[in-house]
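>>> No letters, just coordinates:
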């Protein structure tokens, strides 16, 4: 278990979808990032547990790339209220 884990579920700034295109159907993970640079990767297929947490987007991105995940091109931003 990774610790400490940033609580990004309600405090995210952007989200990205990453897929493993070699799986059938493709396996999807969700990366959430906050304005401080913290990132968490969630697994929607397993009721959204955090599978990786880091203090930087770059570390989270490298973790995904090591397992050959590919980022879905469009990044989703939180809309200003």
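In hand now; what should we look at? These figures come from a predicted structure and were not determined experimentally.

>>> Surely residue 45 touches residue 30?
No. Using CB atoms under 8 Å as the test, residue 45 is too far from residue 30 to be in contact (10.4 Å). In this view, the C-beta of every residue, glycine as well, is placed from N, C-alpha and C.

>>> Looking at these two, which has the bigger crowd around it?
A count of neighbours by other CB atoms under 10 Å puts residue 30 above the other of residue 45 and residue 30, at 17 against 10.

>>> Make sure the more buried one is actually in contact with residue 44.
Yes. The criterion here is CB under 8 Å, and residue 30 meets it with residue 44 at 6.0 Å.

>>> Any buried residues in stretch 39-57, and which?
Within stretch 39-57, the residues that qualify as buried are 39, 40, 41, 42, 50, 52, 53, 54, 57, counting by 16 or more other CB atoms under 10 Å.

>>> Helices - which of those land there?
Of the buried residues of stretch 39-57, the ones assigned to helices by DSSP state H are residue 57.

>>> Now for residue 17: which residues touch it?
28, 29, 30, 31, 71, 72 (CB atoms under 8 Å, 6 or more residues apart in numbering).
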